[in-house]
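J.: Structure for this input, please:
(chains A and B)
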2 protein chains.
Amino acid sequence: MPTIDGQRVVADLKRLAEFGRYKTGVHRPTYSPVDVESRHWLADKFREAGLDTVIDGIGNVIGRNPRVRRRLLVGSHSETQPYGGWLDGSLGVIYGLELARVFDGDAACVIEVAAWADEEGHYGNYLGSRSFTDALPEEEIDQTRGRDDGTPLREALERAGFAGRPRERVDPSRYIGYLEAHIEQGDTLDTAGLRIGVVETIVGIWNYRVALIGEQNHAGTTRMVRRRDAGVAMVRLATRIHDRFPEIAGPRTVWTIGRMLLEPNAPSVVPGRAEMQVQFRDADIDRLAAIEKALHDLVSEADRAGPCACEIEAIARTEPRPMDPGFQEQIEAAAERHAPGMHMRLPSAAGHDAAVLSYRMPSGMMFIPSLRGISHHWSEDTREEDIMLGAQVFADAAERILRSAR
Amino acid sequence: MPTIDGQRVVADLKRLAEFGRYKTGVHRPTYSPVDVESRHWLADKFREAGLDTVIDGIGNVIGRNPRVRRRLLVGSHSETQPYGGWLDGSLGVIYGLELARVFDGDAACVIEVAAWADEEGHYGNYLGSRSFTDALPEEEIDQTRGRDDGTPLREALERAGFAGRPRERVDPSRYIGYLEAHIEQGDTLDTAGLRIGVVETIVGIWNYRVALIGEQNHAGTTRMVRRRDAGVAMVRLATRIHDRFPEIAGPRTVWTIGRMLLEPNAPSVVPGRAEMQVQFRDADIDRLAAIEKALHDLVSEADRAGPCACEIEAIARTEPRPMDPGFQEQIEAAAERHAPGMHMRLPSAAGHDAAVLSYRMPSGMMFIPSLRGISHHWSEDTREEDIMLGAQVFADAAERILRSAR
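T.: Now for the predicted structure:
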């Protein structure tokens, strides 16, 4: 059984968190100067662990293993959300690095490590893992701009020094599969007092833009009976959505109206147009379809009832991605060995690179607890003993997967 | 009876609309280069009509009448809303100019004319008429910035060439009162096929900021039961407001939630804070108070029910301002003479400089129809025959007010 060096894992995570430190968290947007620095630092660490390492044309740091056996690919992303947490994706990258070290002398266990670029979507979600799996066309790179300041992605890659480099592509026949560790981000493990989560499925995320079209008017002189107030139409429809969805939701379904816009958004003007984004997530595609139907019904009903027109457009619909059942069993067996009775199976309610990789190879994910479920905030944290235990379970699970693939 | 020159009135309005023409409307924000140009043009026209004219330190164009009798002050504002209509306040300014001309030889009827600055609030509502009536302290001028680009008011006045000039102040003993003409902005006259409106009251406008305070969280990993979603709290409260207000509203009460903000307003983040502005208008102060009470009750109820805290703050509460009953009778008599049976009394649902002046002297307002009630939009319009008829009724009403004040 491989034995990880827990202190070394924690020290590496703390060193990586120096790139863009903000309070107890990290501000390290993709392709920012500190992100670029941190990728070079990671590449050096991968090389020290014996890997042939490149930073490719999209910013992925990939540590290739020169040995000829089939490999287990291990990793996560290394940039953070704005003023985000110090663990998040960094955890899975450093776990991967540690695995490369502990299996370095083991001829039967070949590890490659990846730090994917821009899982967090500063430019576009999962840019790195999509590039690696042939799911990121050049035209999309041409058209993509930064969500914060509109910088063209090509310009950001140029400034980062990654432009012109080849993009590494997957050859699935080289791999047994892909394994990723991450903090849970929710509070399921923390609330239950458990230490390891075995991910069954990465939820599907379905996202819609709903527009209400009324008539802009003077807020004094336009009598109530004559108004077609797009703001009123939006709040009434949003309320009906929040009333209806619980009736069809499962125990882990979540839905969010996180973005709303009124036009012209002035206190003395009757809004002529309103827009909201409705998002829901579930691991069960039939339930996602049922919720979508309910949403379409509510929109049609509002449109028919008037006085505002109501339109809906799907923006994104990612499929729920089940993780490999064999991988789940091996992670669970490893967890039971090191933390008997302190683990559970659960879905991932956030998206991950593992969902992208799962289209090309068997994939698995392991969670460690997030204190109070805080995520995407600088105060995100996990106990050091859970970080160290997680690394050991992860290494054991990797070995089980590698040896059972003989 | 004075006889106005209807063609001259229409020609002056069309000339004034050249300053900042946009499609069939006008874009002439306060203190913009075209606004400054138009004020110099108006000053010249006032001088041609025999008035001692100044542009004062806040941009008011005031045509003083050198004769010694008590005067009737007549006017309105001359800037426009962004891409607004060609008539709006300009109508009342040019009517004032026409009155100065037709009464020029009449020793019994002394007219002074004002084109107030910034009734439309590009910098602050009613700046000009508030300055004239001693209701605009220097400290407010120091602190005010443009609502569009944040330019300090002092800087805008400097650039306009008005800084350093004295601000003209009212001496109420000089005046019989103040008379203002305006387009109705609503559709009451147009829908009823009437041609003149006699304003009974300028409504009170009560404006509140309502804040909902929840907890910002990840839209995937935060289970529904744990959420304190400020966006949900806002749409539910807004819906209750729209359900409750009709039960206590009068036939002419209007209410509007024209501005809404979510934080951080991102599709995958549970909103941690939300804010909306709730405004209502009525001519009856008891009804305004009843609506305010209902609003406070709904906010307290939402706050108690949780899970989000809910706070309310009054931003502005202007009193309903009744117009002088004698002035109303004179306007009505003049309307009955020139358009028998084609007039009505009605409240003004928009604010006007006449509300500000009414604190210092008897004030009256007359409306002409707005086609389809369109206002604050470049497509605002009124039939030429209504513009000309309105000028004649207005002149007749002014003479009746002046002669009855003997």
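
J.: all contacts plus neighbour counts: C-alpha atoms, from now on.
T.: OK.

J.: what sits up against the worst-scoring helix or strand of chain A on mean pLDDT?
T.: Across the helices and strands of chain A, mean confidence by mean pLDDT, DSSP states H and E is lowest for strand A:217-218: a mean of 90. Contacts with strand A:217-218, where a contact means Cα atoms under 8 Å, 6 or more residues apart in numbering or on different chains, come from A:227, A:268-272, B:185, B:374-376.

J.: Please indicate which of those residues has the highest neighbour count?
T.: The most crowded member of those, judged by other Cα atoms under 10 Å in any protein chain shown, is residue A:271 (32 neighbours).

J.: thinking that residue is in contact with residue A:219, fair?
T.: No. Using Cα atoms under 8 Å, residue A:271 makes no contact with residue A:219, being 9.0 Å away.

J.: could you pull out the helices for chain A?
T.: Under the criterion DSSP state H, chain A contains helices at A:6-17, A:33-48, A:88-102, A:127-132, A:138-143, A:153-160, A:188-192, A:230-248, A:285-305, A:325-338, A:353-357, A:384-404.

J.: Can you say which of these is packed in most?
T.: Comparing the helices of chain A by mean neighbour count (mean count of other Cα atoms under 10 Å in any protein chain shown), helix A:88-102 ranks first with a mean of 27.

J.: about what we covered before: nearest approach to chain B belongs to which of the helices of chain A?
T.: Comparing the helices of chain A against chain B with Cα to the nearest Cα, the closest turns out to be helix A:230-248 (4.8 Å).

J.: can you give me the angle that closest one makes with helix B:230-248?
T.: Relative orientation of helix A:230-248 and helix B:230-248, computed by axes from the mean of the first three to the mean of the last three Cα atoms, to 10 degrees: 120 degrees.

J.: Now do helix A:230-248: which elements does it pack against?
T.: The contact analysis (3 or more Cα pairs under 8 Å, 6 or more residues apart in numbering or on different chains; DSSP states H and E) places helix A:230-248 against strand A:204-213, strand A:254-263, strand A:273-282, helix A:285-305, helix B:230-248, strand B:254-263.

J.: can you put the ones you listed in CSV and add distance to residue A:72?
T.: What follows is the helices and strands packed on helix A:230-248, written out as CSV (distance: least, Cα to Cα, whole Å):
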stretch, distance to residue A:72
strand A:204-213, 25
strand A:254-263, 33
strand A:273-282, 28
helix A:285-305, 29
helix B:230-248, 44
strand B:254-263, 41
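
J.: Can you lay out these as a markdown table showing distance to residue A:340 and mean pLDDT?
T.: Below are these laid out as a markdown table (distance: least, Cα to Cα, whole Å; pLDDT from 0 to 100):
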| stretch | distance to residue A:340 | mean pLDDT |
| --- | --- | --- |
| strand A:204-213 | 31 | 97 |
| strand A:254-263 | 30 | 97 |
| strand A:273-282 | 29 | 98 |
| helix A:285-305 | 32 | 98 |
| helix B:230-248 | 40 | 98 |
| strand B:254-263 | 42 | 96 |
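
J.: and residue A:398, which of the ones you listed is closest to it?
T.: Taking Cα to Cα, strand A:204-213 is the member of these nearest to residue A:398, at 26.0 Å.

J.: Parallel or antiparallel, which strands does that closest one pair with?
T.: Within its sheet, and counting by DSSP bridges, strand A:204-213 is paired with strand A:273-282 (antiparallel), strand A:309-317 (antiparallel).

J.: Export the helices of chain A to JSON lines and append columns for distance to residue B:280.
T.: As requested, the helices of chain A are exported to JSON lines (distance: least, Cα to Cα, whole Å):
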{"stretch": "helix A:6-17", "distance to residue B:280": "52"}
{"stretch": "helix A:33-48", "distance to residue B:280": "51"}
{"stretch": "helix A:88-102", "distance to residue B:280": "47"}
{"stretch": "helix A:127-132", "distance to residue B:280": "49"}
{"stretch": "helix A:138-143", "distance to residue B:280": "45"}
{"stretch": "helix A:153-160", "distance to residue B:280": "47"}
{"stretch": "helix A:188-192", "distance to residue B:280": "45"}
{"stretch": "helix A:230-248", "distance to residue B:280": "14"}
{"stretch": "helix A:285-305", "distance to residue B:280": "25"}
{"stretch": "helix A:325-338", "distance to residue B:280": "59"}
{"stretch": "helix A:353-357", "distance to residue B:280": "50"}
{"stretch": "helix A:384-404", "distance to residue B:280": "56"}
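
J.: Nearest to residue B:31 among these would be which one?
T.: For those, the distance to residue B:31 is smallest for helix A:230-248, at 32.2 Å, taking Cα to Cα.

J.: Chain B contacts on the stretch 101-250 of chain A?
T.: Applying Cα under 8 Å from any Cα of the partner chain, we find that the stretch 101-250 of chain A lies next to chain B at A:184-187, A:217-224, A:231-232, A:235-236, A:238-239, A:242.

J.: Give me the distance between residue A:82 and residue A:257.
T.: Per Cα to Cα, to the nearest Å, residue A:82 is found 21 Å from residue A:257.

J.: So for the two, which sits in the more crowded spot?
T.: Taking other Cα under 10 Å, residue A:82 and residue A:257 do not tie; residue A:257 has more neighbours (28 against 18).

J.: which residues touch the more buried one?
T.: By Cα under 8 Å, 6+ apart, the neighbours of residue A:257 are A:238, A:276-279, B:231-232, B:267, B:270.

J.: beta partners of it?
T.: residue A:278.

J.: okay, now the domains of chain A?
T.: What automatic domain parsing lists as the domains of chain A is A:6-202+A:321-404, A:204-317.

J.: Next one: residue A:315 from chain B, what distance?
T.: From residue A:315 over to chain B the distance is 11 Å, taken as Cα to the nearest Cα, to the nearest Å.

J.: what about that residue, neighbour count?
T.: Residue A:315: 12 neighbours (other Cα under 10 Å).

J.: where does it land on pLDDT?
T.: pLDDT, residue A:315: 92.

J.: Could you measure from it over to residue B:357?
T.: Taking Cα to Cα, one finds residue A:315 at 53 Å from residue B:357.

J.: And for residue A:100?
T.: Counting by Cα to Cα, the separation of residue A:100 from residue B:357 is 81 Å.

J.: before we move on, what about residue A:153?
T.: For residue A:153 relative to residue B:357 (Cα to Cα), the value is 58 Å.
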